[in-house]
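1. Structure for the following, please:
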Amino acid sequence: MWQLFLKFKYQVAGDRLLEIESSEKAIAFCVEGRINSLKLKVMRKLLPLALMVAIASGCNNTPETTTVVPQETPTPSETTEATTTDTADVTPTPDIAIVNFAVEVTTGIYAEPDANVTGLNGSYQYNPTTNALESIFFFDQAKNDISEYCQDMTLNSDGIGLNGKCVLPGGEYAFGEAVTEANAPEQYPFSYLFDAGPGGEGVGVVNYEPPVTVPEAAASYPEVATIQKIVQGDSMCYVTLTDTTGQEYDVGASFEICEQQDTLLNREVNLRYEVTSIQDCQSIEPCGRSRLERIIVAAE
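-> Model (predicted):
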């Protein structure tokens, strides 16, 4: 009997345990549901705020797009034009070649020992690329500048040697191919002929010095200018000139020009230039170095 009572008691206890276990599960399920619901509500409220913070901080998952501008391929003509322009911009100013010359008279009155011929010399300038004559300076026996009478002169194909005549009112001087006298030398011939006066006629040979190339700026020094200032240096004299247009030049000169300072200063004079060797030292003491420079050798 008591066994049945115990069995019943255990069964009742077991049912109670089952009820308790079921109640715990129900409560846990309910609590979990409430928590999930609360989480969802919180997330819904926080989501707009999170989006605003993300946008404000520059967080953008959209990839940036870069606009590529296509480069035009230049045509061959455009490329050639650009290259030509660049080359023209850097091309240096062409130089000028200068040749000094002196006439050695072999026949006629000027060939006599007592003729006292101090002129018959000069120089000319030409383009060393084209061998085209740019200008000529020529002085007669008395050192008169007769360059203006030497028109239509030309050069030999190598740039060395004049061809043509200097025609003056009373006579003429002929160079190279313009010389017709049979007794003239074959190379670099020269002749002179005067209709009146003691000049007479004769022939000779022109001695040309090797050409010297100088910057074009030095070759364009004025032939007529006013001397504004003369200063003596260690290697040469320094002269400040003003040409007829008012442009100023600083030019080197021989020491003889410095010696004539009192008579040349502030005067308009005719100038003669020559390319000569100048001592290239730091002082007046010889150093064994020299340079070629076009300087004033006469001012009258």
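
2. Please count neighbours and contacts with C-alpha atoms only from this point.
-> Fine.

3. Now do the residue lying closest to residue 299 once chain neighbours are set aside against residue 291, distance only.
-> Spatially, and ignoring its direct neighbours in sequence, residue 299 is nearest to residue 271 (4.6 Å; C-alpha to C-alpha, 6 or more residues apart in numbering). According to C-alpha to C-alpha, to the nearest Å, residue 271 stands 22 Å off from residue 291.

4. For those two, indicate the residue with more neighbours.
-> Taking other C-alpha atoms under 10 Å, residue 271 and residue 291 do not tie; residue 271 has more neighbours (18 against 11).

5. just checking, what packs against the helix or strand that contains that one?
-> Residue 271 is part of strand 268-279, with elements assigned from DSSP states H and E. Contacts of strand 268-279 with other secondary structure elements, assessed using 3 or more C-alpha pairs under 8 Å, 6 or more residues apart in numbering; DSSP states H and E, are made with strand 96-105, strand 224-232, strand 290-299.

6. Count the neighbours of the closest residue to residue 265 other than its chain neighbours for me.
-> Nearest non-adjacent residue to residue 265, counting by C-alpha to C-alpha, 6+ apart: residue 227, 5.4 Å away. Taking other C-alpha under 10 Å as the criterion, the count of residues near residue 227 is 21.

7. repeat for the one 4 residues further on
-> Taking other C-alpha under 10 Å as the neighbour definition, residue 231 ends up with a count of 15.

8. Tell me who's in contact with it.
-> 237, 238, 239, 258 (C-alpha atoms under 8 Å, 6 or more residues apart in numbering).

9. what about the first one, distance to residue 277?
-> When C-alpha to C-alpha is the yardstick, residue 237 and residue 277 sit 13 Å from each other.

10. between those two, who's got more neighbours?
-> For the pair residue 237 and residue 277, the greater number of neighbours falls to residue 237 (20 against 13), based on other C-alpha under 10 Å.

11. which residues does the residue lying closest to that one once chain neighbours are set aside form a beta bridge with?
-> When the adjacent residues along the chain are set aside, residue 237 lies closest to residue 253, with 4.8 Å between them (C-alpha to C-alpha, 6+ apart). The bridge-partner assignment for residue 253, based on DSSP bridges, gives residue 237, residue 296.

12. Any idea how many residues pack against residue 171?
-> When counting by other C-alpha under 10 Å, one arrives at 16 neighbours for residue 171.

13. Quick check, it in contact with residue 193.
-> Yes: here residue 171 lies in contact with residue 193, judged by C-alpha atoms under 8 Å, at a distance of 5.5 Å.

14. For residue 127, find the nearest of the helices and strands packed on strand 268-279.
-> Taking C-alpha to C-alpha as the criterion, residue 127 comes closest to strand 96-105 out of the helices and strands packed on strand 268-279, the separation being 5.4 Å.
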